[in-house]
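Chemist: Whatever this is, show me its structure:
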Amino acid sequence: MILRDYQLRFVEAVFAEWRKVVSTLGVLPTGTGKTVCFAEIIRRMLPKRSMVIAHREELLIQAREKIETIAGVTCEMEMAELSASTNLFTRTPCVVSTVQTMCKRFERFDPMDFGLLVIDESHHSTAASYVKVLDHFKKNPELRILGVTATPDRADEEALGQIFDSVAFEYEILDAIHDGWLVPVEQQMVTVGDLDFSEVRTVAGELNQADLAKVMEVEHTLQGVVGTSIQIIGDRQAILFATSVKQAEIGCEIFNRHKPGMAGFVCGKTDREDRRQLMANFLSGKIQVLTNVGVATEGVDLPNTSVIIMARPTLSRSLYAQCAGRALRPLTGLVDGFATQDERKHAISISSKPAALIIDFVGNAGRHKLMTTADILGGKVSDEAIALASTKAKATDGAVRMVELLEEAEAELKAQKEEARRLDEARRARLVAKVRYSTREVNPFDVFALPPVKERGWDAGKTLSTKERAMLLKQGIDGDAMPYAQAKSVIQEMFRRWEKHLASFKQARWLKRNGYGINMSADAAHALMDAWAKNNWRRPEGM
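Modeler: Modelled structure (predicted):
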């Protein structure tokens, strides 16, 4: 299987991290192939044996299929009545297991038999059950550990920083949209008059489920949610995420009152065969709307989904990203045949699914800061721009393209800051300085034209190593004067430029200051600077 460019970078980054640390984390949004990436890593680790742990059967079935296809090995399952062989002559190169099962049976497996442990949806890995399994397999000093997850929220990030030694690779939803691997996102805010979250309590940073259910299960409220959704979605396939089983059931019933057979309902207690049939009916278009609670968030690929009806308000960025991510995949087979992002974007734009629509229902939020698409798209966007874009979306009738709204918000804030800076300069210019002095500050992000880097939770409290600090200082950069994540981003860019034989930081700074592009080779930059030096550092004729 040919990996996409970012998937290949993911795999190579993981192996690079393993040369320095035992455990590392990879972040890829829903719909971009986390399973493909770790299946390729398992293939490259052969003949070492691998163990894959997840918390749900659907994830494991999906993982086993991908591993057997990509790695070309047989996978056994350790789950419920299924047991993987531990015999030297009959055991398989890979075992997949639920954490619930492995937590009870880990003593069946000798840690020394495994070279790799993969934790799928690893934002769950801080739970005691995962820690128990990790502690067992860590008895092998040669073991390497990989966690994979979609976009986590701040609390997840901080916790994951305690489990994993490093973050090997991050690819945000916005990156994937810009690169043409996911469809653009439209946001529509719908005001429901009686919707009031102000009295809903919070527990461990999330809305209290019992309180929230009382609000969302009111039939009058659900009538507003479902009736409005029917008007908006037209003939598009949609998934409704509910807070409770009762809400999902009533919602399904109301859809079917409007149009018999329009919707189907599924929850964790739905019979396994019934669930599979319902998913098949949704994929084939026999039903238009799937109402669910806690089922379609992970482990299901439903690329025909064009609309997410978010009838499950949340404070969790990771949960919102998982729900919204169900609609972000392009139609099956649409984009992999194209070499460039522009070709992929064009193919998406003329397809029957040119965008994903996320419908949020707003009322009186009280003190709560409910998630919107701005939060999941804004991984590399300032918090101020996210807040401004969310405010603009709420004030707009109809659907808006959130990526464009975020870009407009960033540009607006940048213009405001530039105006404030200009006014401040004008004010200072009018002052009479008692002491004249000059200072020169170097901003490596300006020199390298790097995008902004948002400090992530797993970076909290981290500092640069002595070698990293010295590397930056050698280039005239004070690594301690910038946040850890920004300093690491600059170091990564330096390594990239060295590998590609591009101009160094010092050369790039000189090139930019003198009006040249920074992406010439180091040798060309050296020759150009030589020519200037021989001309008393004046621009030579024709250069």
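
Chemist: Tell me where the stretch 301-450 of the chain has strands.
Modeler: For the stretch 301-450 of the chain, the strands defined by DSSP state E, counting those that start in this stretch cover 307-311, 356-364, 400-401.

Chemist: out of those strands, deepest packed?
Modeler: Among the strands of the stretch 301-450 of the chain, strand 307-311 has the highest mean neighbour count (mean count of other CB atoms under 10 Å), at a mean of 25. To be clear about C-beta, it is placed using only N, CA and C from the backbone, and glycine gets the same treatment.

Chemist: what's near enough to touch Ser306?
Modeler: Ile233, Arg236, Gln237, Ala238, Ala327, Lys353, Ala355, Ala356, Leu357 (CB atoms under 8 Å, 6 or more residues apart in numbering).

Chemist: for those residues, which one is nearest Phe114?
Modeler: Among the contacts of Ser306, Ala327 lies closest to Phe114 (CB to CB), at 36.6 Å.

Chemist: How about the closest one: what's its closest non-neighbour residue?
Modeler: Nearest residue to Ala327, sequence neighbours excluded (CB to CB, 6 or more residues apart in numbering): Ala356, at 3.8 Å.

Chemist: now the helices: where do they sit in the stretch 1-150 of the chain?
Modeler: 5-18, 34-45, 57-70, 99-105, 128-137 (DSSP state H, counting those that start in this stretch).

Chemist: related to what we said a few turns ago, kindly give a single PyMOL line that selects the buried subset of the contacts of Ser306.
Modeler: Provided next is the PyMOL selection string for whichever of those are buried by 16 or more other CB atoms under 10 Å:
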select buried, resi 233+236+237+238+327+353+355+356+357
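
Chemist: can you redo the contacts of Ser306 as JSON lines with distance to Ile42 and pLDDT?
Modeler: Conversion of the contacts of Ser306 to JSON lines gives the following (distance: CB to CB, whole Å; pLDDT from 0 to 100):
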{"residue": "Ile233", "distance to Ile42": "39", "pLDDT": "94"}
{"residue": "Arg236", "distance to Ile42": "37", "pLDDT": "96"}
{"residue": "Gln237", "distance to Ile42": "33", "pLDDT": "96"}
{"residue": "Ala238", "distance to Ile42": "35", "pLDDT": "96"}
{"residue": "Ala327", "distance to Ile42": "29", "pLDDT": "93"}
{"residue": "Lys353", "distance to Ile42": "32", "pLDDT": "95"}
{"residue": "Ala355", "distance to Ile42": "35", "pLDDT": "94"}
{"residue": "Ala356", "distance to Ile42": "31", "pLDDT": "94"}
{"residue": "Leu357", "distance to Ile42": "36", "pLDDT": "94"}
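
Chemist: So which of the contacts of Ser306 are in helices?
Modeler: Ile233 (DSSP state H).

Chemist: Please list the outside residues in contact with the helix or strand harbouring Ile177.
Modeler: Counting by DSSP states H and E, the element that carries Ile177 is helix 173-178. With contact meaning CB under 8 Å, 6+ apart, helix 173-178 is reached by 6, 29, 31-32, 151, 182-185, 321, 325, 328, 341, 376-381, 403, 406.

Chemist: Relative to Thr126, how far out is the residue nearest to Ala327?
Modeler: From Ala356 over to Thr126 the distance is 30 Å, taken as CB to CB, to the nearest Å.

Chemist: same deal with Ile239?
Modeler: In terms of CB to CB, Ile239 sits 28 Å off from Thr126.

Chemist: Look at those two and report which has more neighbours.
Modeler: Ile239 (23 against 15; other CB atoms under 10 Å).

Chemist: Of all the residues in stretch 270-289, which ones are buried?
Modeler: Buried, per 16+ other CB under 10 Å, within stretch 270-289: Thr270, Arg275, Leu278, Met279, Phe282, Leu283, Ile287, Gln288, Val289.

Chemist: SS state for the fifth one?
Modeler: Just to be clear, that refers to Phe282. Classification of Phe282 using DSSP: H, G, I helix; E, B strand; the rest coil returns helix.

Chemist: Report the spatially nearest residue to it, omitting neighbours in sequence.
Modeler: Nearest to Phe282 is Leu290, by CB to CB, 6+ apart, at 4.8 Å.
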